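>>> missing the sequence, but the structure's below:
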């Protein structure tokens, strides 16, 4: 006890150990159960098997939902990244009238119109447009919601590129679109990858939008499919659900590790919401 | 005069795809909800096709709706318990306990972040499994040390979703506060150490004044997010007997289970106005910080 630093170190371990256990325990189940021979709600590995994964691939709803999730997320990524790139380019380089008001309105609306409350008018909008129970409705709704965030991050990236670069190119006679693809895209490729990853994880993980807008089981993405699996009446197939959840979670973890490698976690701290 | 790099046509052409998507699927619904909230539109039946304009009738009804007050009360407790006390408190504690200890910090952060990024539906099932009354890991551990098994979702439903949401969302506060602590010049703390200040005095007199603006930012943002959270629905469905029915869940039930779209929209309007107030507060704050 002579050294107060050492004492405070020990105290911090005593405090941190239960907190770490609190955070790890529920997740442990997701890592162990998919490989367990007799999967249960209790965390226990009694023999290793890949049988649970095999059952996922035999389940038509599960496989179908994977395909649907992929279609939805990839479409949202392509749509949002492309649109946001073009708009961020202009917003970064052109100081037109009303630009700041526009930016302000975008931040405001993107944080106000969210959650279940926003789903009421969004549902009615999709109803009027004939987009209920279509993947297109889900794709457009998700895109509109994520777009402002994507736009802001890309604008920040573009803001950091010196103006002299594109001025030289424009003097040479390049069109704005060429400047965009030949100069901005290569210089901000890191930013574009991060945006694509973020948009992907957000649309891949989203539950509420497809849950409210879709009706037929055959159109469900994985998020809604998993919910129906475990909320169904009857005995849920725990092994299959855990393996399915495991496979569904992997791409998200992968994407975040990639983002972390490139920028560190503090980067997306302000934008996940 | 500054030479323009792009013509007007190019500006419009580049902006239109993004802005039209944002306009139709974000701004329009946000404004339209005001009008829908003044109708008696339903999803099925005669009022689905031809809803009547009922003015402020819905709002009058909301004000005497005991489910609304129940949801508001639960939401308030949920935000207070899980965000303001739970996430901010735990986030700050974790940031302090791991301050200037790189390896420990990166370990704790990755675990906390994992809870934050796993898709919500998976997280919900992890907690259903973890808290199951017969076979859940927590109850198995309790009974192993000779304690009674507890049916968490029935005996302590609100506490359960509060603890769940602390687990789910602490990452943001921890990351923000960890970053905030890095902005304090080390010499401040060293000076305090030299004059023999206690940990509490160091916290109160050196750390707290220096991270005050971060704390306010954190509190507003997590309040806004927690207010809109829907994940508890996946755990409890709002039950038992509405004891975990947050405002978001009540809106969902009204609009999409009972198909009362008009009435649901009027409650949604109230929720969105609360969002609006919080967002304005946040924006005015971050603006002041910049100037």
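It's in. As the structure is a prediction and not an experimental result, all values here were calculated from the model.

>>> Tell me, please, the helix or strand in chain B that averages the lowest pLDDT.
helix B:46-49 (a mean of 77; mean pLDDT, DSSP states H and E).

>>> which residues are in contact with that one?
B:40, B:41, B:42, B:262 (Cβ atoms under 8 Å, 6 or more residues apart in numbering or on different chains). No exception for glycine: its C-beta is placed from N, CA and C like everyone else's.

>>> among those residues, which are in helices?
Residues from the contacts of helix B:46-49 lying in helices, with DSSP state H as the criterion: residue B:262.

>>> Any idea how many residues pack against residue 51?
Unless you meant another one, I'm taking chain A. By other Cβ atoms under 10 Å in any protein chain shown, the residues close to residue A:51 number 15.

>>> um, chain B though
Residue B:51 has 16 neighbouring residues, counting by other Cβ under 10 Å.

>>> That one and chain A, how far apart?
In this view, residue B:51 and chain A are 10 Å apart by Cβ to the nearest Cβ, to the nearest Å.

>>> Looks to me like that residue is in a strand.
No. Assessed with DSSP: H, G, I helix; E, B strand; the rest coil, residue B:51 is coil; it does not lie in a strand.

>>> Give me the below-cutoff pLDDT ranges for the stretch 151-273 of chain A.
In the predicted model, the stretch 151-273 of chain A carries pLDDT under 70 at residues A:264-273.

>>> need the contact list for the residue in it positioned nearest to chain B.
For the stretch 151-273 of chain A and chain B, the shortest gap (Cβ to the nearest Cβ) falls at residue A:205, measuring 3.8 Å. By Cβ under 8 Å, 6+ apart, the residues touching residue A:205 are A:223, A:252, B:119, B:120.

>>> residues in contact with the third one?
If I follow you right, that is residue B:119. A:204, A:205, A:207, A:223, A:248, A:249, A:252 are the contacts of residue B:119 under Cβ under 8 Å, 6+ apart.

>>> Check which helices and strands the host helix or strand of residue B:284 is in contact with.
If you go by DSSP states H and E, residue B:284 is part of helix B:261-290. Here helix B:261-290 touches helix A:99-112, helix A:115-128, helix B:28-36, helix B:57-63, helix B:208-228, helix B:247-252, going by 3 or more Cβ pairs under 8 Å, 6 or more residues apart in numbering or on different chains; DSSP states H and E.

>>> For that helix, buried residues please.
Neighbour counts over helix B:261-290 (16 or more other Cβ atoms under 10 Å in any protein chain shown) mark B:261-272, B:274-276, B:278-279, B:282 as buried.

>>> Equivalent analysis for stretch B:141-154, please.
For stretch B:141-154, by 16+ other Cβ under 10 Å, it's B:150, B:152, B:153.

>>> how about a markdown table for those residues, with pLDDT, distance to residue A:83 and secondary structure added?
As requested, these are arranged in a markdown table below (pLDDT from 0 to 100; distance: Cβ to Cβ, whole Å; DSSP: H, G, I helix; E, B strand; the rest coil):
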| residue | pLDDT | distance to residue A:83 | secondary structure |
| --- | --- | --- | --- |
| B:150 | 91 | 50 | coil |
| B:152 | 92 | 45 | helix |
| B:153 | 93 | 43 | helix |
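
>>> Give me the subset of the contacts of residue A:205 that lies in helices.
A:223, A:252, B:120.

>>> Of these, which is the most crowded?
That'd be residue A:223 among the ones in helices among the contacts of residue A:205, by other Cβ under 10 Å, with 25 neighbours.

>>> Verify the stated contact: that residue with residue A:207.
Yes. Using Cβ atoms under 8 Å, residue A:223 makes contact with residue A:207 at a distance of 4.3 Å.

>>> what do the two both touch?
Common contact partners of residue A:223 and residue A:207 (Cβ under 8 Å, 6+ apart): B:119, B:120, B:121.

>>> And these, which is closest to residue A:98?
The closest of the shared contacts of residue A:223 and residue A:207 to residue A:98 turns out to be residue B:120 (Cβ to Cβ; 36.9 Å).

>>> How about the contacts made by that closest one?
Going by Cβ under 8 Å, 6+ apart, the list of residues near residue B:120 reads A:205, A:207, A:223, B:230, B:231, B:234.

>>> Tell me which helix or strand comes right after the helix or strand where residue A:151 lies.
Applying DSSP H and E as the criterion places residue A:151 in helix A:135-159. Later in the chain than helix A:135-159, the nearest helix or strand by DSSP H and E is helix A:163-171.

>>> After that next one, which helix or strand is next?
Next helix or strand after helix A:163-171 toward the C-terminus (DSSP H and E): helix A:176-179.

>>> does residue B:96 sit in a helix, a strand or a coil?
Of the three states, residue B:96 takes helix under three-state DSSP.

>>> That one - how many residues pack around it?
Residues within reach of residue B:96, counting by other Cβ under 10 Å, total 17.

>>> just for the stretch 151-291 of chain B, where's the confidence low?
Residues of the stretch 151-291 of chain B that meet the cut-off, pLDDT under 70, sit at B:288-291.

>>> Quick one: name the residues of it near chain A.
B:167, B:172, B:175-176, B:179, B:199, B:221, B:224-225, B:227-230, B:234, B:247-249, B:251-252, B:255-256, B:261, B:264-265, B:267-269, B:271-272, B:275-276, B:279-280, B:282-283 (Cβ under 8 Å from any Cβ of the partner chain).

>>> Leaving out sequence neighbours, find the closest residue to residue B:25.
Among residues not flanking residue B:25 along the chain, residue A:144 sits closest, at 2.6 Å (Cβ to Cβ, 6 or more residues apart in numbering or on different chains).
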